[in-house]
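Peer 1: take this sequence and fold it.
(one chain, ligands or ions: 2)
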Amino acid sequence: MLVHSDRTLQLSNSVVTIGALDGVHRGHQELISHARKHANELGVPLVVYTFDPPPKVYFKNTIQLTPLFEKIKRLKILGVDHVIIAPFDSNFVARGVNSFLNELSDINPLKLYQGPDFRFGRNREGDINTLRQRFSVNVLDPVYCGSGIVISSSRIRSLLMQDRLSQAEQLLGWTVTSMETVIKDQEEKILPS
Ligand SMILES: Cc1cc2nc3c(=O)[nH]c(=O)nc-3n(C[C@H](O)[C@H](O)[C@H](O)COP(=O)(O)O)c2cc1C
Ligand SMILES: Nc1ncnc2c1ncn2[C@@H]1O[C@H](COP(=O)(O)OP(=O)(O)OP(=O)(O)O)[C@@H](O)[C@H]1O
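Peer 2: Numbering: from 1, shown residues only. Ligands and ions are numbered 1, 2, ... in the order given. Below you'll find the model as predicted:
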């Protein structure tokens, strides 16, 4: 797997998933697994376009489930070919939808795989319909946990903050050992003893 931090990757075709993907939880895994399968059928590379830090960490100062190296490790395990890491900063946040879509066209996505709630661009102006004006998009039904709640990074953050580690693990599909350490570190920074 190749990691690109300069956003200059050019491909003649690809299958793409975009997102914060904090935790690379079971919902993200399902999305990537469908995208992987389709990329194999088409014989093209699978690209994940992600953000560092995750937008919710940047805007809402939430805890971060996976540090970048852990997210990259998980994406590699899932068989992703290229990861594009966009530095999520004030310049990036100010970009309009067209600027972002123009950048995406450098990798010529034959298909994008997203969940229904995906948003992008300045003030979250873009959605699935905006994406569809330029690219072909497959929208996956949300993956739910056993209790009928949609799996999300936010839900997992909340479970971890309540020390409900085994439930968080079920939603993540990964062990929380390394993450627990990260979260404890973050808590200690917020609440110095
Ligand atoms: C070019 C670009 C600009 C963005 N600007 C904003 C913004 O102004 N406000 C905001 O809340 N999120 C912004 N975002 C983040 C998106 O709302 C969203 O979190 C991101 O596209 C990842 O999707 P996901 O949250 O479904 O993973 C931006 C995203 C992109 C790609
Ligand atoms: N449970 C899920 N089932 C299917 N797709 C999902 C699921 N959760 C997220 N996605 C999709 O994965 C992509 C990345 O989403 P994102 O990283 O924002 O996940 P999230 O869990 O919703 O995060 P957060 O709770 O921080 O908003 C988006 O296209 C989103 O719709």
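Peer 1: is the residue nearest to residue 152 when sequence neighbours are not counted in a helix, a strand, or coil?
Peer 2: Excluding its sequence neighbours, the residue lying closest to residue 152 (Cβ to Cβ, 6 or more residues apart in numbering) is residue 27, at 6.9 Å. For the C-beta atoms, the positions are set from N, CA and C on the backbone; glycine is no exception. Under DSSP: H, G, I helix; E, B strand; the rest coil, the three-state class of residue 27 is helix.
Peer 1: ok, residue 27 - contacts?
Peer 2: If you count contacts by Cβ atoms under 8 Å, 6 or more residues apart in numbering, residue 27 has them with 115, 142-143, 150-152.
Peer 1: which one (most neighbours) among those residues?
Peer 2: Counting neighbours by other Cβ atoms under 10 Å, residue 151 comes out on top of the contacts of residue 27 with 22 neighbours.
Peer 1: which of the contacts of residue 27 sits closest to ligand 1?
Peer 2: residue 115 (6.9 Å; Cβ to the nearest ligand atom).
Peer 1: backbone dihedrals for that closest one, both of them.
Peer 2: Here is the backbone geometry of residue 115 (degrees, to the nearest 10): phi -90, psi 170.
Peer 1: can you tell me how far it sits from residue 130?
Peer 2: Taking Cβ to Cβ, to the nearest Å as the measure, residue 115 falls 15 Å from residue 130.
Peer 1: related to what we said a few turns ago, keep only the contacts of residue 27 that also lie close to ligand 1.
Peer 2: Among these, no residue is within reach of ligand 1 (Cβ under 6 Å from any ligand atom).
Peer 1: so can I have CSV of these showing pLDDT, secondary structure and distance to residue 109?
Peer 2: As requested, the contacts of residue 27 are exported to CSV (pLDDT from 0 to 100; DSSP: H, G, I helix; E, B strand; the rest coil; distance: Cβ to Cβ, whole Å):
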residue, pLDDT, secondary structure, distance to residue 109
115, 97, coil, 16
142, 96, coil, 22
143, 96, coil, 22
150, 96, strand, 25
151, 98, coil, 25
152, 97, coil, 24
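Peer 1: can you tell me which of those residues is nearest residue 168?
Peer 2: Set against residue 168, the nearest of the contacts of residue 27 by Cβ to Cβ is residue 151 (10.6 Å).
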